[in-house]
Structure formats: C-alpha cells, structure tokens
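> my questions are about this predicted structure, shown below with the sequence.
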Amino acid sequence: MYAFKPLQLLTETLSSSEFIRLKELFPSMATPYKVRKGRILVNIGQVNDSIYFLHSGVMRSYYVMNEEDITSRLIAEGEIACIAESFFTRQKSGEALEVLEDSLLYSVSYEEYRNLAKEDVLIANLIMQMLEQRLVSFSEKVKLFKYLSVEQRIEAYISHPSSLFRRIPDHYIATYLGTTPATFSRCLKTVLRSKNL
C-alpha cells in the first residue's frame, strides 16, 4: 500500500517560492478547525461540498449494504478525505464520511477547489499530482483484494506503516479488507501468532 501523504506535499509546496499565489490563497480558504469523534461530515444522500485535508485524527468512508455498514476507505493524518464521486460530479453521495477520532482538518469547498485549479497552471498541476497519487493508492488496494487471501490482506494491512490497526475498532478494518469481523478476528490471531506478537 502506498504511503503518499497529500498534506505533506501541500505543506512542502506552500514553502516553495514558485507557489506564492497558493500561499496567499490557501490560509483564507482553509482555516483549520477541530471536529469531534463521531461526527458525520457527509451523509448518504447528501452532496459532498468540501474536500478535507486531515491534519490529525482518523476518518472513514462507508456505505450501507443489507443494513450493514461497510468501510470503503480509512483516512489518517496527512491524507485527503472526500466522497470523490459526489464531490466531482455534484451528485448525491452513496457513502458517508465519519470522523473516528477527534480531528483537526482543513476544508476547501468545491467552488474554491475549482477556482484554485483555474488560478494557475502550477496549482492545477499540484492538484493533478495529488489525484494521480490517490489513483495509485486505489489501484494498490484493488491488487490487495485480487491477489491475496484474507490472512494475507490482514498481514499486509497491519504491517504497513500507515496502518490504523489498534487505533480504530477491528470491525471497521474487517469490512475495509472485505471480510467479516468474526473471520478477521480468527485470521488476525493466526497472523499475530506467526509474527510472535
């Protein structure tokens, strides 16, 4: 799994002399604010109006199938959070975006995002680079599901440096990895035993 952190790229970019205009614009658009654990930032059936840069904390996106919520993405500090299909197409979201820990984040509205992209070729390229890296990350998750068994997925996930294992409830990780909480628990014991943890 890819360890790219968009907020780190943005911070480095803001310190570059090439991006003076972005440095001027960003603070007025994206004031950091605290969000409490349990808050839903985007609800199912709502249009996702903002993109979030997570400074600290953890979030997840999820959808509901057969009255069970399924975690589709786990988001930690340094990453971007939004329901992409809703944010970019302006359609109602089929997923929700939930805060799992008290978090500090920056929010940029859809209009501000579009204006930023039009503002400057360098800014547009930066946005493109962030989106490209998000696609790479998604592609790696697809490979994880396509080629690995449940035990191998669990081992790959808990061994990854950006893993949220033990920071969030196991049942969120289980559905994210495409298994049930019971299977996750059973396979996790095997994985931890093999690693002597």
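Yep, it's here.
> could you use CA atoms for every contact and neighbour count after this?
Will do.
> tell me, how many residues neighbour the spatially closest residue to residue 80 that is not a sequence neighbour?
Leaving aside its chain neighbours, residue 80 sits nearest to residue 53 (4.7 Å; criterion: CA to CA, 6 or more residues apart in numbering). By other CA atoms under 10 Å, 25 other residues sit near residue 53.
> and residue 53, what pLDDT?
pLDDT, residue 53: 87.
> same thing with residue 83?
93.
> ranges for the helices of the chain?
6-14, 20-29, 84-89, 110-119, 121-147, 150-159, 170-176, 181-194 (DSSP state H).
> what's across from the residue nearest the centre of the chain in the sheet?
The centre of the chain sits closest to residue 75, judged by CA atoms, centre = their mean, with a distance of 3.3 Å. Judged by DSSP bridges, the bridge partners of residue 75 are residue 59.
> gap between it and residue 64?
Applying CA to CA, to the nearest Å, the value for residue 75 to residue 64 is 18 Å.
> one more: residue 127?
Applying CA to CA to residue 127 and residue 64 gives a distance of 30 Å.
> those two: which has the busier surroundings?
For residue 127 versus residue 64, the count of surrounding residues by other CA under 10 Å is larger for residue 127: 16 against 13.
> now that one. Nearest residue, chain neighbours left out?
Per CA to CA, 6+ apart, closest to residue 127 is residue 117, 7.1 Å.
> and the one you found, what pLDDT?
76.
> and the one 3 residues further on, by the same measure?
Turning to residue 120, the model gives it a pLDDT of 66.
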